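> Here is my input; please provide its structure:
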Amino acid sequence: MKAFIEVFLETGTNKIVIGMPHRGRLNVLANVMGKPLEKIFAEFQGAVPDQDSGTSGAFSGDVKYHLGTTFERDYKGKWLSMTILANPSHLECGNPVVSGRVRAE
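Numbering: from 1, shown residues only. Predicted coordinates:
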């Protein structure tokens, strides 16, 4: 994923929207998105997400690793906004949700 991000940056992309299922999600949140482990674990313990920290949305009662997030950061000298959308309950809805978000942006 990091290789794709670097290619996107070379082509002038400055926003990335990701939709994905459960498997590997925590890894992507921490290692690709750069979401601090402290925030991930705090959410698991029931802490309310902080809008100023880049964590989006409020808890809906869904599984906590379904939560999405947005981070704006300097990635190798270029500004980049990365969003991982909340995981929809029905995985077949993932592509339409991502498509809708991208069109809205």
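
> can you pull out the strands in the protein?
15-18, 69-75, 78-84 (DSSP state E).

> quick one: which of those strands is nearest residue 37?
strand 69-75 (12.8 Å; C-beta to C-beta). The way it works is simple: take the backbone N, C-alpha and C, and place the C-beta from them, glycine included.

> Give the partner strands of the closest one in its sheet and their orientations.
Using DSSP bridges, strand 69-75 pairs in its sheet with strand 78-84 (antiparallel).

> Now the strand it pairs with: buried residues?
80-84 (16 or more other C-beta atoms under 10 Å).

> what residues are up against residue 27?
Under the criterion of C-beta atoms under 8 Å, 6 or more residues apart in numbering, residue 27 has no neighbours.

> what do you get for residue 71?
Going by C-beta under 8 Å, 6+ apart, residue 71 touches 33-35, 54, 81-82.

> Got the confidence number for it?
According to the prediction, residue 71 has pLDDT 85.

> all numbers from here: first residue = 510
Taking 510 as the first residue, the last one we looked at is residue 580.

> List the residues that contact the most centrally placed residue in the chain.
With distances taken as C-alpha atoms, centre = their mean, the residue of the chain nearest its centroid is residue 593 (2.2 Å). Counting by C-beta under 8 Å, 6+ apart, residue 593 touches 527-529, 534, 537-538, 542, 577-579.
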